[in-house]
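[1] this is a predicted model, with the sequence first.
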Amino acid sequence: MSVHLISADEAMAKLDQFDAILDARSEGEHAEDHLPGAQSWPSLNNEERIRVGTLYKQVSPFDAQKIGAALVAKNIARHIETHVMDKPKNWQPLIYCWRGGKRSNSLALILGQIGFKVHLLEGGYKAFRKAVMEDTPRQAQRLQFQVLCGPTGSGKTRLLHALAQQGAQVLDLEGIACHRSSVLGLIPGQAQPTQKAFDTQVWNALRRFDPALPVYVEAESKKVGNLAVPAELMNAMRASPCIRVDLSLENRVNLLLEDYAFFTQDTAFFIDRLERLVALRGKAVVDAWKEQIERGEMREVVADLLSQHYDPGYETSTGKNFVQFSKAAVIAPASHALDDMRAAAAQLLQTQG
């Protein structure tokens, strides 16, 4: 048998060296969060886990363990038949469950007896989660950030993506969070990840960056939708040099009409989201916007949202939260078009190179 216990810190350091990372927890636990790149190989699925847990509490641990063992054996047999038959002898997986208990041990035991070199995560996902939360501040502190600032619609996200396309290091918090970071930032059909999954994905992005090169990131508030940005990362961003993206109001409106086309295509959804602004802008203002939407005056509504809701206080708020904002270098794309954003990204990289 070849099963090697490995600590969470060791696993984090070697994460990219395993041939596979196998999550022996239920598919529901896996969906909530998992190690980066982990495959779901449940020893007990959602329903089986509930069944065994109920037996454990209501009948006896012994009866629960008998039923659980039979179910685990069947599931592991199916995983082997489905996923393992083509694996070479030198295949080396990392296996974990919630706390490194019976579910991962059972899978590791069988794979180890086959002859694979199996690594078993000591303490399971719980230990890994703790290690991620402890390591994230260290990762944030070792990096040098360049923060893209600019009012809503100025093209920060487009510029960020253009920078990534040209090989720059980019941390796309809104992309990870599946949210555009405002009251109207919800993306239809895309649920946000859990806070745990967001934390793991942010850590996974940070650990891959080269500290010798800048990491470009958008200026964000402490939350992106419902998700909190790790405090230490937020602190590092707020202390970092800023780059201001300047775009004309006309181009900002054009950009938002493109990027938020789902609002113009589903006016009922747009009107529903605007209800969130009643407390901030008043019922009369929001009702007027609703009437404009019903008349098809989308451009006018977007322009009003920028001038009346998003822009007021932007300079003061950003200057207060990002200490180097007053010294920000300025980048002014010719327009909101993707080609102009790519040109601006190339100019920025040349200037900073």
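    Looks like it arrived, so ask away. Numbering: from 1, shown residues only.

[2] how is the protein partitioned into domains?
    The chain breaks down by automatic domain parsing into domains covering 3-132, 142-352.

[3] could these go into TSV alongside mean pLDDT?
    Below are those laid out as TSV (pLDDT from 0 to 100):
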stretch	mean pLDDT
domain 3-132	96
domain 142-352	93
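
[4] would you list the ones you listed in JSON lines and tack on mean neighbour count?
    For the C-beta atoms, the positions are set from N, CA and C on the backbone; glycine is no exception. Listed next are the domains of the chain as JSON lines, based on neighbours: other CB atoms under 10 Å:
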{"stretch": "domain 3-132", "mean neighbour count": "18"}
{"stretch": "domain 142-352", "mean neighbour count": "17"}
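
[5] so how far is I271 from A284?
    Per CB to CB, to the nearest Å, A284 is found 15 Å from I271.

[6] ignore the last one, A231
    For A231, the distance to I271 - CB to CB - is 36 Å.

[7] cool, and D246?
    When D246 is compared with I271 (using CB to CB), they lie 31 Å apart.

[8] ok, residues contacting stretch 281-291?
    With contact meaning CB atoms under 8 Å, 6 or more residues apart in numbering, stretch 281-291 is reached by I271, L274, E275, L277, V278, V301, D304, L305, Q308, H309.

[9] which ones among these lie within helices?
    Under the assignment DSSP state H, those contribute I271, L274, V278, V301, D304 to helices.

[10] tell me which residues touch the second one, please.
    Okay, so that is L274. For L274, the contact set (CB under 8 Å, 6+ apart) comprises L184, V286, W289, K290, I293.

[11] what about 10 Å?
    When contacts are counted by CB atoms under 10 Å, 6 or more residues apart in numbering, L274 touches 183-184, 263, 281, 285-287, 289-290, 293, 301, 305, 309.

[12] distance of it from A8?
    Taken as CB to CB, the span from L274 to A8 is 45 Å.

[13] before we move on, what about the first one?
    To A8, I271 is 48 Å away according to CB to CB.

[14] so where do the strands sit in the stretch 151-300 of the chain?
    Ranges of strands in the stretch 151-300 of the chain, per DSSP state E, counting those that start in this stretch, are 169-171, 214-218, 223-224, 227-228, 242-245.

[15] for N204, which of the ones you listed is the nearest?
    strand 169-171 (11.0 Å; CB to CB).

[16] and the contacts of that closest one?
    140, 143-146, 148, 159-164, 202, 205-206, 208-211, 213-218, 233, 237.
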